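A.B. asks: just a sequence and a predicted model for now, questions to come.
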Amino acid sequence: MAQFTNHPRIEMVRLSDLKPDPKNPRKHNKKQIEQLVSNMRRLGFRGALLVDEQNRIIAGLARWLAAKELGMEMVPVIRERFLSEEDRVAYIIGDNRLAELSEWDEDLLKNSLTDLFDAGFDIEITGFTTADLDFSLEVSKGEDEPVELPAGDERAVSRIGDLWFVGPHRIYCGDARDSVSYDALMGEERAALIVADVPYNVRIAGNVSGLGKKTHREFCAASGELTQAEFTAFLRAIFRNCVCFSADGSIHFMFMDWRHMREMLDASDGVYTELKQLLIWNKQVGAMGTFYRSQHELVFVFKSGRARHINTFGLGGKGRYRTNVIDHPGANVFRKGRQADLDAHPTVKPTGLLADLILDCSNRGDLVLDPCLGSGSTLLAAHKTHRIGVGIELDPLYCDVALRRLSEASGLPIVHADGRSFDEVAAERLDQTEG
């Protein structure tokens, strides 16, 4: 048994005098060294390297490589002597391997990383990423949370041109085809991700409502009244704004049904850099219809720009296995909260489905934009996944619905850009209407 002392002899040695041990089988990739460099810039060079009498590095090779990148000249070392060459090699291997056999306390790790992130700390210097933190979220499992929503025939509080805040999230009542809406909503900020349920140019009556107690009026635009050419131009105007107000390399998820695949592709041609993928949302239950009941919707996955896009799931190596077929119950599946969702918006998308897309292609704290907000499901999903949600909605009534849903789900108040609360604005405007 080796003898220990309270104060091992630490000496400062020139970095250039040290050398890797040729028998060390451990390899260090570029990304790891970059993370370690960031770590050492923030936290300093902690702990001495272990070297032998020939200045071969026994433990601490990665920190030596990082120190070289930082331009350090001197580093602390502790010299170790071994009884045999076999002992020295065994120590090198064991020092690397034995640490791999430990396990994380997942709850404690998640809480610690969350605390660091909330404090504004760059958690990537720990070797973890915000994507690792997101893997602990289970927003897509189980039922969507039921929310009591206002009836669709209520008078709207919101008006065109209103900008509302719910905590860090923002909603603008305006037209997604008009760049003025994006300027008012985002200013100089740019979205890291776009998730949009654009209008399908299909009449609501006879297609998605009218058979139950609750019926819905037609959407303000693209609700079956546009020709193929007009709808293509409608989509193109939205797509162009999305590109202008999003980051280089951002992913844009655009929902659409099978009837308008041609318009989607024509509208995106020359606007987006590429069509990265076409997702199939399997809603598990067929909708009303006679010639093959529709059980799916399409999600066009466009990329804007040439920069590297965010992909948090990779090949599924970290436990997040994703394919281009997404199985998630639609609003027509009987479940808790189903009718409340349908009452709020006739084509409501499940929050869990949207949260999964957000987790796939953005990081915590990122700005997520929905230019066709509807009842606000994208912003609910952004809130649940610790992103900042911003949205545009043309219909003032649906602005109200989205605001109330988000406020109730988050516990945060609704505040107008002029500082008044939602209730204060409502009292003034509804009184004026009654008068």
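C.D. replies: Structure's in. What do you need?
A.B. asks: so where's the stretch 301-435 of the chain shaky on pLDDT?
C.D. replies: Across the stretch 301-435 of the chain, the ranges flagged by pLDDT under 70 are 316-319, 331-347, 433-435.
A.B. asks: that one: helices as residue ranges?
C.D. replies: 338-344, 351-361, 377-384, 396-410, 422-434 (DSSP state H, counting those that start in this stretch).
A.B. asks: also the stretch 1-150 of the chain?
C.D. replies: With helices called from DSSP H, counting those that start in this stretch, the stretch 1-150 of the chain shows them at 30-43, 61-70, 85-100, 106-118, 130-134.
A.B. asks: related to what we said a few turns ago, reformat the helices of the stretch 301-435 of the chain as JSON lines; add distance to G60.
C.D. replies: C-beta here means a position set from N, CA and C on the backbone, and glycine is covered the same way. Below are those laid out as JSON lines (distance: least, C-beta to C-beta, whole Å):
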{"stretch": "helix 338-344", "distance to G60": "56"}
{"stretch": "helix 351-361", "distance to G60": "36"}
{"stretch": "helix 377-384", "distance to G60": "41"}
{"stretch": "helix 396-410", "distance to G60": "46"}
{"stretch": "helix 422-434", "distance to G60": "58"}
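A.B. asks: make JSON lines from the helices of the stretch 1-150 of the chain and add mean neighbour count to it.
C.D. replies: Putting the helices of the stretch 1-150 of the chain into JSON lines (neighbours: other C-beta atoms under 10 Å) gives the following:
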{"stretch": "helix 30-43", "mean neighbour count": "14"}
{"stretch": "helix 61-70", "mean neighbour count": "18"}
{"stretch": "helix 85-100", "mean neighbour count": "12"}
{"stretch": "helix 106-118", "mean neighbour count": "13"}
{"stretch": "helix 130-134", "mean neighbour count": "19"}
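A.B. asks: tell me which of the ones you listed lies nearest to Q432.
C.D. replies: Closest to Q432 of the helices of the stretch 1-150 of the chain, according to C-beta to C-beta: helix 106-118, at 41.9 Å.
A.B. asks: quick one: distance of that closest one to the chain centre.
C.D. replies: Offset of helix 106-118 from its chain centre (C-alpha atoms, centre = their mean, to the nearest Å): 18 Å.
A.B. asks: before we move on, what about stretch 171-189?
C.D. replies: The chain centroid and the centroid of stretch 171-189 are separated by 21 Å under C-alpha atoms, centre = their mean.
A.B. asks: return the most buried member of the helices of the stretch 301-435 of the chain.
C.D. replies: helix 377-384 (a mean of 28; mean count of other C-beta atoms under 10 Å).
A.B. asks: what inclination does that helix have with respect to helix 396-410?
C.D. replies: Angle of helix 377-384 versus helix 396-410, following axes from the mean of the first three to the mean of the last three C-alpha atoms, to 10 degrees, is 20 degrees.
A.B. asks: brilliant, that's me finished.
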